[in-house]
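> Need coordinates for the below:
(chains A, B, C and D)
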Protein chains: 2
Amino acid sequence: MAIQKLITHLNSYLPLNSAEVEAVTERVTVRKIKRRQFILQQGDWCRHYNFIVSGCFKMYSVDTMGKEHNIQFGAENNWLTDLASLHSIKPADFNKPYAGKPSKLYIEAIEESEIIQIELKDLVFLYENHPKFNIIFRVIVENNFVELQNRVLQNISSTSEERYLAFLEHYPNLSNRLPNTQIASYLGITPEFLSTIRKNISTKQS
Amino acid sequence: MAIQKLITHLNSYLPLNSAEVEAVTERVTVRKIKRRQFILQQGDWCRHYNFIVSGCFKMYSVDTMGKEHNIQFGAENNWLTDLASLHSIKPADFNKPYAGKPSKLYIEAIEESEIIQIELKDLVFLYENHPKFNIIFRVIVENNFVELQNRVLQNISSTSEERYLAFLEHYPNLSNRLPNTQIASYLGITPEFLSTIRKNISTKQS
DNA sequence: CGCGACGTTGATTTGCCTCAACGATTGTGG
DNA sequence: CCACAATCGTTGAGGCAAATCAACGTCGCG
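Model prediction:
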């Protein structure tokens, strides 16, 4: 069952007691998302943390030329949200639907997916009534921060080929199921150039 | 006074009461750091959060060719630490000096500086005894995460010139005092190429 | 079946790096 | 305080990395 996957995930950070499990369970929503369906679009006010139970998503921005740039992928047991929008809300406005900044990003399903959403106001309730969630979500954000920092380091210090190989190694479960166009967008190169990189790698190996 | 700058900074997130102020004050260390002095070196176990009272630091990694790559700068009112190392420690090992992973990074003073350090075990004490600090440091990490995400987006979607102009706009207080070689390393380009970018910009304007 | 997304290839152009050199500035030890 | 070394910003020639544009075959999906 979907909720059980979330509980197991949270338990891996800090074991929850039954009151905490109940508090979470009461405040989340399970949703099924179809391929190509959006759970966030540019201009929306981002209001949820999204936990991915199954399936796969891409979060991207669209530039002035209409090109998409993948900022992050998310698959099973990942969290995906636009913190820039979600977190621009001040505590006093948590209940208002349109406080803070609208999002500049899109989150779109690449596969048939199932997610669990938790609204910011419910998360704040958990923070205030069950302090353990403060720690869990701080650690989740810290982990994502470290991942992102490594990516920045790669971007400023490695060639495209090195970055591609690092992606394959670091995200084997993603590289299998994503089209190369999407990977190219994530790496910041064109699909054509990724194709020549792949050719070079395969000729080296043989 | 140095501590007062830290308190003012923390108050800007959530106002502290006198017990919380006292708890922080008792557990931090003020240090003066000279130019070119390190507060973290590759191989060290990172044990502190560093709050910069005055001065300026760079955090960088050194690649196999011996080249430095600036991951982050820090100036007044910024926090600087290697989360990847600091945060690899499990709660049970907070008191041990060599738990977790050694750092891969350097943090070096670019100017004569003053910092306030807080050890992980003291921060954990604050988390457990004064839950407000959980929120404050979660928000600090979230803010840094959003900044980093914008940088990733820039790296994969913009030209070097655009990234340089964005840097000037976003960090005017840093771009004044940093040598261009350091900015180039942060942007992931060579100093020579940054020089030609600067020439292009100045000829465009006139 | 037909359309659109995908992966690939090639020709050409552009962005950016490498290497070498130079003057100007800063800093440091004698 | 001076002399010398180190750092810095810049310029130019040449080369490689990567983008652009166009084209083509394949595949999955409606």
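> Tell me both backbone torsions, phi and psi, for the residue nearest the centre of chain A.
Taking C-alpha atoms, centre = their mean, the centroid of chain A lies closest to residue A:80, which sits 2.8 Å from it. Backbone torsions of residue A:80, given as degrees, to the nearest 10, read phi -140, psi 120.
> how much space between it and residue B:152?
According to C-beta to C-beta, to the nearest Å, residue A:80 stands 15 Å off from residue B:152. In short, each C-beta sits where N, CA and C put it, glycine included.
> Also residue A:18?
Counting by C-beta to C-beta, the separation of residue A:18 from residue B:152 is 40 Å.
> Who has more neighbours out of the two?
Ranked by neighbour count (other C-beta atoms under 10 Å in any protein chain shown), residue A:18 and residue B:152 place residue B:152 first, with 20 against 7.
> That one: which element?
Using DSSP states H and E, the element containing residue B:152 is helix B:132-157.
> Repeat that for residue A:10.
helix A:2-11.
> What about the residue nearest to the residue nearest to the centre of chain A when sequence neighbours are not counted, how many residues nearby?
Leaving aside its sequence neighbours, residue A:80 sits nearest to residue A:74 (C-beta to C-beta, 6 or more residues apart in numbering or on different chains; 3.9 Å). Applying other C-beta under 10 Å, we find 23 residues neighbouring residue A:74.
> Name the residues of chain A found near chain B, please.
By the rule C-beta under 8 Å from any C-beta of the partner chain, the part of chain A lying against chain B is A:61, A:63, A:67, A:69-72, A:83-84, A:87, A:127, A:131, A:134-135, A:137-139, A:141-146, A:148-153, A:155-157, A:185-188.
> for chain A, which spans come out with low pLDDT?
Within chain A, the ranges that satisfy pLDDT under 70 run A:89-99, A:206.
> Okay, strands next: where are they in it?
Under the criterion DSSP state E, strands of chain A are mapped to A:28-33, A:38-40, A:48-54, A:57-62, A:68-74, A:79-80, A:106-109, A:113-119.
> Does the fourth one reach DNA strand D?
Right, the one you point to is strand A:57-62. No: using C-beta under 7 Å from any atom of the strand, strand A:57-62 stays clear of DNA strand D, coming no nearer than 14.9 Å.
> Tell me the spacing between the residue nearest to the centre of chain A and DNA strand C.
For residue A:80, the distance to DNA strand C equals 19 Å [C-beta to the nearest atom of the strand, to the nearest Å].
> Please name the bridge partners of that residue.
Beta bridges link residue A:80 to residue A:50 when assigned by DSSP bridges.
> Might you report the residue contacts of residue A:72?
Residue A:72 sits next to A:58, A:59, A:80, B:149 when contact means C-beta atoms under 8 Å, 6 or more residues apart in numbering or on different chains.
> I meant residue A:67, not that one.
By C-beta under 8 Å, 6+ apart, the residues touching residue A:67 are residue B:157.
> Kindly report the same for the one 4 residues further on.
Applying C-beta under 8 Å, 6+ apart to residue A:71 gives the contacts A:59, A:60, A:61, A:105, B:149, B:152, B:153, B:156.
> Name whatever forms a beta bridge with the residue lying closest to it once chain neighbours are set aside.
Nearest residue to residue A:71 in three dimensions, chain neighbours excluded: residue A:59, at 5.2 Å (C-beta to C-beta, 6+ apart). In this structure, residue A:59 bridges to residue A:72, residue A:107 when assessed by DSSP bridges.
> Distance of residue A:200 relative to DNA strand D?
Distance from residue A:200 to DNA strand D, counting by C-beta to the nearest atom of the strand: 9 Å.
> same question, residue A:146
Note on residue A:146: its distance to DNA strand D, by C-beta to the nearest atom of the strand, is 24 Å.
> was I right about that residue contacting residue B:86?
No: look at residue A:146 against residue B:86 with C-beta atoms under 8 Å: they stay out of range, at 9.8 Å.
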